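Enquirer: pasting the sequence and the predicted coordinates here, then a few questions.
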Amino acid sequence: MTGLGGGFTFMMIFATYAVAISYGAVLVATDNLTQPACTSNCYDGGKVLTVFFGVIMGAMALGQANPSIDAIVSARAAAYTAYGTIDRPSKIDALSMDGATLSSVEGRIELVDVEFHYPSRPHIPVCKGYSLTIAAGERVALVGPSGSGKSTIVSLVERFYDPVHGVVKLDGVDVKMLSVRWLRQQIGLVGQEPCLFASSIAANIAYGKPGATIDEIHDAAKRANAFEFIQSFPQGFDTLVGDRGAQLSGGQKQRIAIARAIIKNPAILLLDEATSALDTESERIVQASLDALLTDRKRTTIIIAHRLATIRNADRIVVLSEGKVVEDGTHDHLMAIENGQYRLLVQAQSRASPRKKDMAKTTATQDGGDIAKGFFPESPTQHAAPIPVTADDDAPSTASAMPLPLGGSLRVPYGRIWSMSRPEWGYMVVGSLGSLVTGATFPLWGYLLSNCIVLFFNFRLTADEMKMEGLKWSMYFLILGLGYCVGNVAQSYGFSVVSERLTTRLRAMGFAAMLRQEVGWYDAPEHSAGALLASLSTDCALIQKMSADLLKNVLNVIVCMVIGFSIAFYHSWQMTLALLAVFPLMGFASKMRAKSFNPTKEEDKEGDVKAGAVLSEAIGAIRTVASFGMEDEIQAQFTALVGAAATETRRAGLSMGLVFGLSQAMMFFAMAFLFWFGGYLISHHIIVFGDMFSVLMSLMMSSFGLGTATQALGGMGKAKQAAANVFAIVDRVPTIQSVTNEGQTLPLVAGKIEFQHVQFAYPSRPQSLVYKDYNLVIEAGTTVALVGSSGSGKSTAIGLLERFYDPLAGRVLLDGVDIRTLNLTWLRSHISLVGQEPVLFVGTIADNIATGKPGASPAEIEAAAVMANAHDFIELFPDKYTTQVGDRGIQLSGGQKQRIAIARAILRDPEVLLLDEATSALDNESERIVQASLDALMEMKKRTTIVVAHRLTIIQSADLIAVAHEGRIVEQGTHDQLLNVPSGLYRTLVARQVDAAAVSE
């Protein structure tokens, strides 16, 4: 359509010329070659040429405007969706200053007959007549099975959503009547999955209170039990947390999120599984900090937790089930209800840990104070050589060396780009033929026009002959216009197909290369989700200018030059040589003009990448942004980044205008010189009038074509940078090859795992050893629990076993073979991992489960869901297994997502099973059932299992428990063996947890 539009425009221009020439010839012939001759207001060649050249200049301007018109059309298409979002009135506008505010907030919360369903699933009610009153300053715990709507209440109080029916009140006022921004300023939220932003630790804490002092930040970190581990980092509070907090462990991220809520000092505190990622000792200390926070002012608190120990001291416990409040009272009151749901939950946890009472007696007399300080250091100065620990879960890394920037060298592999377009050679031929036609149009245009000019002054013809000649040249213009239209359509269609398929191919290659990189590569800021998305979306499209667009414009230039100069040399070699003499000056001007259109500064690219990263990060953590009222700050960051690029663009615009004006002036200087020189040659009878205009018009129109082509090449600088960015990713050889046929495979996997004298530090912090001398043997078919404080490197063992990273020294063995010698795809096919933060992909529930075993049948998928205790809730959805989970599984609750992830691991039926806090998001009953399913899974087959967990109920039944501390395994044995170690670290841990979980006795 673009080619047809441009071709039709020029065809109409040439048709206008045809009419004007034919009619002009009639006027000149009538007024000058007929008798009697015209005596007043007569038309002669000069008047007709004045009209002609007025139209010519207009046509040239219109032609030069084509790229701008294309840009406007593209911009309008792109803006359509954007303005649809911009102009959409927000149903809950957090930026609006409308709404009332209260002079003081007591904190009384009421939900009155609330009915609610999520907009994406209007047929699935979540709240069916919720009615709940929370007195000011009261601490209320919400309990219920996963998916019962506990977190929905938090969302309604925060006004992330409004109820379909009923009202939510704060101090007796409908929250819909209050200013959304003011309301959220009174609320502090710590969610189940902590969201941090790619800035420093101090900045992330300060988001809770913009303008907070460093002392306030330190105080909040201390109260959240985060100060010590932060100070252990080389950069302390200035440590960058990475994309979505990738440089920190799950527990560390959670404590930063808690510090962010503490510094806000809100009137209402919402804790949605706020301590789920913490080990028992950290949870105890953080819970004590939260308790102190609740007592230092009258503060209403809503607690959502699966651990009964967490809610033990709540003023009230509210049990939710099937969209309604079914029980409400204190712990003692609810325990007295025969067959009550809360009582059943407590009994389920008690049955899961029948030996806790004995353990309590065993450990009650132990003085864990000094030992606890050894296990959970209070200060980095307590140890002669403290180890600044890093991530347990999302481990930091930038590969074996710091990552290459997306830019890199501007050396561009043109041949490689062309070879990638080879499959479309047929379309390229069609486009090339079209380019030859469109390129030839401009010099022929000038040649035809020069003959028309001569015609109007050729008074040797009769009136009829001039009219016939005018008609002849008019027909030539019509033919030329039709040819240009056909050629432009062929050119646009052929090269558009080539360009789009090249872009698709590059995006596929780039995405495949990204998936091929080792896990640590993604932790670098240059490889954030926003930066990589920009590379795939923008850079790959820009490379078109180096393939099809380049060929199209080069052919146009060559044909214009060859035909234009051929005509010029034929009619006057003297004028043509004179033109060639001034060509270097004109060429220099054109080069300067093209350069002014080619901003290649890496800072511009860096600004775009950073802006994209901020955008991606903010959208991905929109609930956190909304809860802490960070919209203005995030918008300011984004505006600053794009504003810097805009400032640079304005500066470039000034220089571009100057250079463009000079280049255009050079063209006029050259034309002035040629008119003078042509007049000189005519006066000396070297050439005739027609020859001069044949040279001038053919070369002038050729220069018009050249100008259009060079203007279209204006983006070559950006295209070169884009090619360097894309091929830097495509050509990078991962330090750990995941897609390769190299490496051996074992005929049979027994599952024995050994860590031998392993030393390891994440490449981004090589001075901070996570493992100093890590030694551990896991026998085939056994279950081993890894225990230690948050950040002690438990999940690092999983990362090394999966070969997300390789150790600096020592070896990791599978059945006696160094895993670095094994084929990585084969190795990972025998391992299933269920992480602490479940990751689901856009698609159906069935699709997500089937990723564990591509090609699995529906029966296998359903069986895996049944074993993971997921089948029942899946069947409640109208679309059942074809239910869309949404972006990152947003349509499901945390517990539901985790069970889908477990089903995915079960479906693979691996020889090695890795459970990294796999049941941390489940309620007690679901955890018990899922744990039973996992136990049955392990009994079905001799399967090696590594369990990372904080909950004693999960780890106590392991065949071996390994305790990690300061980069080493310091204790290992069975649960009973470790309990009998005097002053043992594990014994201290058990004592702490038993004290915290006394409610379940």
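Expert: That came in fine, so what should we check first?

Enquirer: average pLDDT across stretch 451-461?
Expert: Average pLDDT, stretch 451-461: 82.

Enquirer: quick one: terminal-to-terminal distance for it?
Expert: Stretch 451-461 has an end-to-end distance of 14 Å (criterion: Cα to Cα, to the nearest Å).

Enquirer: burial of A82, as a residue count?
Expert: Per other Cβ atoms under 10 Å, the neighbour tally for A82 reads 10. Heads up, the C-betas are built off the backbone N, CA and C, glycines and all.

Enquirer: name the element it belongs to?
Expert: A82 is part of helix 66-86 when elements are defined by DSSP states H and E.

Enquirer: any idea how far L615 is from A531?
Expert: 11 Å (Cβ to Cβ, to the nearest Å).

Enquirer: neighbour-wise, which of those two wins?
Expert: Ranked by neighbour count (other Cβ under 10 Å), L615 and A531 place A531 first, with 23 against 19.

Enquirer: gap between the more buried one and M630?
Expert: In terms of Cβ to Cβ, A531 sits 21 Å off from M630.

Enquirer: all strands for the stretch 1-150 of the chain, in order.
Expert: Here the stretch 1-150 of the chain has its strands, by DSSP state E, counting those that start in this stretch, at 109-116, 127-134, 139-143.

Enquirer: list the contacts of L334.
Expert: For L334, the contacting residues are I317, V319, E327, G340, Y342, R343, by Cβ atoms under 8 Å, 6 or more residues apart in numbering.

Enquirer: and the second one, what pLDDT?
Expert: Each residue has a pLDDT score; the one for V319 is 90.

Enquirer: could you look up the SS state of the residue nearest to T310 when sequence neighbours are not counted?
Expert: Excluding its sequence neighbours, the residue lying closest to T310 (Cβ to Cβ, 6 or more residues apart in numbering) is T275, at 6.2 Å. In three-state terms, and counting by DSSP: H, G, I helix; E, B strand; the rest coil, T275 is coil.

Enquirer: T275 contacts G251, correct?
Expert: No: judged on Cβ atoms under 8 Å, T275 makes no contact with G251 at a distance of 9.2 Å.

Enquirer: neighbour count winner among those two?
Expert: Each of T275 and G251 has its neighbours counted (other Cβ under 10 Å); G251 has more, 31 against 26.

Enquirer: check which helix or strand covers the more buried one.
Expert: Per DSSP H and E: G251 is located in helix 250-264.

Enquirer: other SSEs contacting that helix?
Expert: On a contact count with 3 or more Cβ pairs under 8 Å, 6 or more residues apart in numbering; DSSP states H and E, helix 250-264 meets strand 187-190, helix 201-206, helix 214-223, helix 280-295.

Enquirer: contacts only, for S499.
Expert: S499 is in contact with Q544, S547, A548, D549, counting by Cβ under 8 Å, 6+ apart.

Enquirer: looking at these, which one is closest to D93?
Expert: The closest of the contacts of S499 to D93 turns out to be Q544 (Cβ to Cβ; 40.0 Å).

Enquirer: and that closest one, how many residues sit next to it?
Expert: 23.

Enquirer: would it count as being in a helix?
Expert: Yes: counting by three-state DSSP, Q544 falls inside a helix.

Enquirer: how near is it to M420?
Expert: From Q544 over to M420 the distance is 12 Å, taken as Cβ to Cβ.

Enquirer: what's the answer for L33, then?
Expert: In terms of Cβ to Cβ, L33 sits 62 Å off from M420.

Enquirer: test my guess that A846 contacts I861.
Expert: Yes: counting by Cβ under 8 Å, A846 touches I861, with 5.3 Å between them.

Enquirer: higher neighbour count, those two?
Expert: I861 (24 against 18).

Enquirer: secondary structure element holding that one?
Expert: Per DSSP H and E, I861 falls inside helix 858-867.

Enquirer: same deal with A541?
Expert: In this assignment (DSSP H and E), A541 forms part of helix 540-542.

Enquirer: mind listing the helices for the stretch 1-150 of the chain?
Expert: 2-32, 45-64, 66-86, 150-158 (DSSP state H, counting those that start in this stretch).

Enquirer: tell me the most buried of these?
Expert: helix 150-158 (a mean of 23; mean count of other Cβ atoms under 10 Å).

Enquirer: any weak-confidence spans in the stretch 251-400 of the chain?
Expert: Counting by pLDDT under 70, the stretch 251-400 of the chain contains low-confidence ranges at 276-297, 307-309, 348-400.

Enquirer: can you rerun that using 50?
Expert: 353-400 (pLDDT under 50).

Enquirer: pull up the pairing partners for the very next helix or strand once past the helix holding G251, direction included.
Expert: Using DSSP H and E, the next helix or strand after helix 250-264 towards the C-terminus is strand 268-272. Here strand 268-272 has these sheet partners by DSSP bridges: strand 187-190 (parallel), strand 300-304 (parallel).

Enquirer: need those strands in a markdown table (columns: distance to G439 and mean neighbour count).
Expert: Shown next, in a markdown table, are the strands paired with strand 268-272 (distance: least, Cβ to Cβ, whole Å; neighbours: other Cβ atoms under 10 Å):
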| stretch | distance to G439 | mean neighbour count |
| --- | --- | --- |
| strand 187-190 | 64 | 26 |
| strand 300-304 | 69 | 24 |
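
Enquirer: so which of the ones you listed is nearest R416?
Expert: With distances scored as Cβ to Cβ, the stretch of these nearest to R416 is strand 187-190 (50.4 Å).

Enquirer: now that closest one: average pLDDT?
Expert: Taken as a whole, strand 187-190 has an average pLDDT of 86.

Enquirer: and the strands in the stretch 651-800 of the chain?
Expert: Under DSSP E, counting those that start in this stretch, the stretch 651-800 of the chain gives strands at 753-761, 769-778, 783-787.

Enquirer: distance to P163 and mean pLDDT added to those, as JSON lines?
Expert: JSON lines is the format used below for the strands of the stretch 651-800 of the chain (distance: least, Cβ to Cβ, whole Å; pLDDT from 0 to 100):
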{"stretch": "strand 753-761", "distance to P163": "51", "mean pLDDT": "91"}
{"stretch": "strand 769-778", "distance to P163": "47", "mean pLDDT": "89"}
{"stretch": "strand 783-787", "distance to P163": "44", "mean pLDDT": "90"}
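
Enquirer: so which of these comes closest to G895?
Expert: Between G895 and the strands of the stretch 651-800 of the chain, the shortest gap by Cβ to Cβ is with strand 783-787, which sits at 21.8 Å.

Enquirer: which neighbouring elements make contact with the closest one?
Expert: Using 3+ Cβ pairs under 8 Å, 6+ apart: strand 783-787 touches helix 794-801, strand 944-948, helix 952-955, strand 960-965.

Enquirer: try it again with 6 Å
Expert: Here strand 783-787 touches strand 944-948, strand 960-965, going by 3 or more Cβ pairs under 6 Å, 6 or more residues apart in numbering; DSSP states H and E.
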